[in-house]
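Undergrad: task: produce atomic coordinates for the following.
(2 chains)
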Amino acid sequence: MSLAPSKRYGTVLPLAVACLFPAAGYADELNAADTAWILTSTVLVLFMTIPGLALFYGGLVRSKNVLSVLMQCFAITCLVSILWLVFVYGLAFGDGGSMNRWVGGFDQLMLANIGRDSLRGTIPESVFSMFQLTFAIITPALIVGAFAERMKFSAMLWFSALWLVLVYAPITHWVWGGGWLQEMGLLDFAGGTVVHVNAGAAALVAALVLGPRKGFATVAMPPHNMTMTVIGAAMLWVGWFGFNAGSALAANGDAGMAMLVTHISAAAGSLAWMTMEWMRHGKPSVLGVVTGMVAGLGTITPASGFVGPVGALIIGTSAGVICYVCTSFIKNTLKVDDSLDVFPVHGIGGILGTLLAGVFVGMLGGAGLAEGMTIGGQVRVQFIGVIATFVYGGILSWIILKLVDAVIGLRVSSDQETEGLDIVLHDEVGYNL
Amino acid sequence: MKLITAIIKPFKLDDVRVALSEIGVQGITVTEVKGFGRQKGHTELYRGAEYVVDFLPKVKIEIGVPSDKVETVIDAITGAANTGKIGDGKIFVTNLEQTIRIRTGETGRDAL
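TA: Now for the predicted structure:
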């Protein structure tokens, strides 16, 4: 999903891609097939957040907080869209001049330089910008799961806006906008670092800074509507084809293979998580099977354009097992109330997938390493990408949360939390049955 | 007159209603309730978070009957609601001082 395909292919897959897809790599003409597919993918990725993720998360909270979660996902969608227009697209994908290794610039204020004829690779830049916007929407929306059921709505808006500008935009620029990680040859096809490690790090920090929900680990907080959660999860699976196969930024063999491996990994992650639960607790749970699916999808994301189907099977299976173990560990051993398990599913999945992308790009039907690169060398680059994202994102998230806490406060009062965010913050209730 | 209050498993409600109809019971009142007895609760597990659910859903049936029909009604309920497993529920029998049919003002056995 590099914004300069020729650059990515130039550094990463020089010969293979040039031979297979010369048009995709180098042409500066509009390609109607590519454009049609990215238009479609954009719709699919927006569909992941609203309604997919909103329903997935909404079902997992208690009924008194269902609207607050739907509202957070919806409001983030709107807020990020406006900020993207004003200046964030430029920060992520614009030209940063002498600072270009670190961040983009202000050359795209109000998307000033996007006209009907502007191209990015083989697609209109308007389509490219919209497609990327849907990624910028879902990433802060993923973090919602960590602070669900206790954060003030106003504080959530401030945090999401500042995080988008100070964390998401620069990291996106590092990885896809021509920044230092892209120069180094980091393989992140659709957002293992940019989306999943990034959201996971912020989620872990948010869970620690806000503290656990009142009654965490002593009071039962079961999901209030598992049916809603399963529907949302299934929408995520469908939407993820746009996320990963769309990140080829073309309608070509890369996109096709990305779709195939995405599907395999989702299925393998589901079965792996289900099997782990079945062995350890005696019963396979519905929440387990859909959570394993999300873990499989998050984990294949950075690797989706680079690995083959067998690599995807291994990636998905390891995602189901490792994310399952981490979820229990963080909740039951570390006692961290990352309420909807964002870090163990997306953060750990993103880390795992980014590292494994470096392994399976070079074997089992992968796209092949860059010339002169070894698997060990590539994994080292992947490791640097993960650490940089995690450390920068984690520290900045902590600073932003502390700042917002000092100015307006992060949490609702204890009484308000007991009463439920829907009625307290929105004067509405989810159900009048 | 007696008031029979039966706590049963929810999925046995239809069987019990049919059994009561067969012996000529003309009306019952049903409430969804929660509680625990020897069955205690159960555990639910969501992504490794285990919750003990203390109160299980049950159905409470209330029937006002003439004293001479108490045994028949009890037999019908126990016959229909019995699964042989723990948690089948209980039947309480209490004295019923008066019954009034609101529409006609009938009282006593005539109102049952």
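
Undergrad: measure A:Thr354 to A:Ile264 for me?
TA: From A:Thr354 over to A:Ile264 the distance is 18 Å, taken as C-beta to C-beta, to the nearest Å. Backbone N, C-alpha and C define where each C-beta goes, glycine included.

Undergrad: equivalent analysis for A:Gly288, please.
TA: According to C-beta to C-beta, A:Gly288 stands 19 Å off from A:Ile264.

Undergrad: likewise for A:Gln72?
TA: Plainly put, A:Gln72 is 32 Å away from A:Ile264 if you go by C-beta to C-beta.

Undergrad: ok, A:Val361 next?
TA: Applying C-beta to C-beta, one obtains 16 Å for the distance of A:Val361 from A:Ile264.

Undergrad: and A:Thr354 and A:Ile264? which has more neighbours close in?
TA: Shown here are A:Thr354 and A:Ile264; by other C-beta atoms under 10 Å in any protein chain shown, A:Thr354 has more neighbours (29 against 23).

Undergrad: which residue, other than its chain neighbours, is closest to that one?
TA: A:Gly192 (4.0 Å; C-beta to C-beta, 6 or more residues apart in numbering or on different chains).

Undergrad: for A:Trp398, same thing?
TA: The shortest distance from A:Trp398 to any non-neighbouring residue, by C-beta to C-beta, 6+ apart, is to A:Val205 (5.0 Å).

Undergrad: quick check, the one you found in a strand?
TA: No: with DSSP: H, G, I helix; E, B strand; the rest coil as the criterion, A:Val205 is helix rather than part of a strand.

Undergrad: mind listing what it touches?
TA: Shown in contact with A:Val205 (C-beta atoms under 8 Å, 6 or more residues apart in numbering or on different chains): A:394, A:397-398, A:401.

Undergrad: which one of those residues is nearest A:Ser68?
TA: A:Leu401 (18.1 Å; C-beta to C-beta).

Undergrad: what about that closest one, neighbour count?
TA: Neighbour number of A:Leu401 under other C-beta under 10 Å is 24.

Undergrad: kindly report the same for the one 4 residues further on.
TA: Neighbourhood size, A:Asp405 [other C-beta under 10 Å]: 16.

Undergrad: what do you get for A:Ser413?
TA: Residues near A:Ser413, counting by other C-beta under 10 Å, number 11.

Undergrad: where do the strands of chain B begin and end?
TA: With strands called from DSSP state E, chain B shows them at B:2-8, B:29-35, B:42-46, B:49-53, B:56-65, B:89-95.

Undergrad: distance of the residue nearest to A:Trp398 from A:Leu53?
TA: Distance from A:Val205 to A:Leu53, by C-beta to C-beta: 20 Å.

Undergrad: in which helix or strand would I find A:Ala75?
TA: helix A:66-83 (DSSP states H and E).

Undergrad: and A:Ala33, what element?
TA: helix A:32-47.

Undergrad: and A:Met257, by the same measure?
TA: Counting by DSSP H and E, the element that carries A:Met257 is helix A:253-281.

Undergrad: could you give the angle of that helix to helix A:32-47?
TA: 30 degrees (axes from the mean of the first three to the mean of the last three C-alpha atoms, to 10 degrees).

Undergrad: so which bits of the stretch 201-350 of chain A are right by chain B?
TA: A:220-223, A:277, A:281, A:283, A:285, A:287-288, A:291, A:324, A:327-328, A:331-332, A:341 (C-beta under 8 Å from any C-beta of the partner chain).

Undergrad: show the buried residues in those residues.
TA: A:221, A:223, A:277, A:285, A:287-288, A:291, A:324, A:327-328, A:331, A:341 (16 or more other C-beta atoms under 10 Å in any protein chain shown).

Undergrad: contact residues of chain B facing chain A?
TA: B:44-49, B:51-53.

Undergrad: could you point out which element follows the longest helix belonging to chain A?
TA: Determined from DSSP state H, the single longest helix within chain A is helix A:375-407. Counting by DSSP H and E, the element after helix A:375-407 in chain order, helix or strand, is helix A:414-419.

Undergrad: same question for the helix or strand just after that following helix: list its buried residues.
TA: The element immediately downstream of helix A:414-419 (helix or strand, assigned by DSSP H and E) is helix A:421-426. Going by neighbour count (16+ other C-beta under 10 Å), the buried part of helix A:421-426 is A:421-425.

Undergrad: same deal with stretch A:101-108?
TA: Neighbour-count burial for stretch A:101-108 [16+ other C-beta under 10 Å]: A:103-105, A:108.

Undergrad: ok, those residues vs chain B, which is closest?
TA: A:Val103 (36.7 Å; C-beta to the nearest C-beta).

Undergrad: so the closest one, which of the three states?
TA: Quick answer, by three-state DSSP: A:Val103 is coil.

Undergrad: check A:Gly366 too.
TA: Counting by three-state DSSP, the backbone at A:Gly366 sits in coil.

Undergrad: and for A:Glu419, the neighbour number?
TA: If we define neighbours as other C-beta under 10 Å, then A:Glu419 has 13 of them.

Undergrad: do the same with A:Gly393
TA: 27.

Undergrad: for A:Ile300, what are its contacts?
TA: Listed by C-beta under 8 Å, 6+ apart, the contact partners of A:Ile300 are A:244, A:261-262, A:264-266, A:307, A:312, A:315-316, A:319, A:353.

Undergrad: surely A:Val429 is in a helix?
TA: No: A:Val429 is assigned coil when assessed by three-state DSSP, not a helix.

Undergrad: need the contact list for the residue lying closest to it once chain neighbours are set aside.
TA: With sequence-adjacent residues excluded and distances taken as C-beta to C-beta, 6+ apart, A:Val429 is closest to A:Asp422, at 5.4 Å. Applying C-beta under 8 Å, 6+ apart, we find A:Asp422 in contact with A:64-68, A:428-430.
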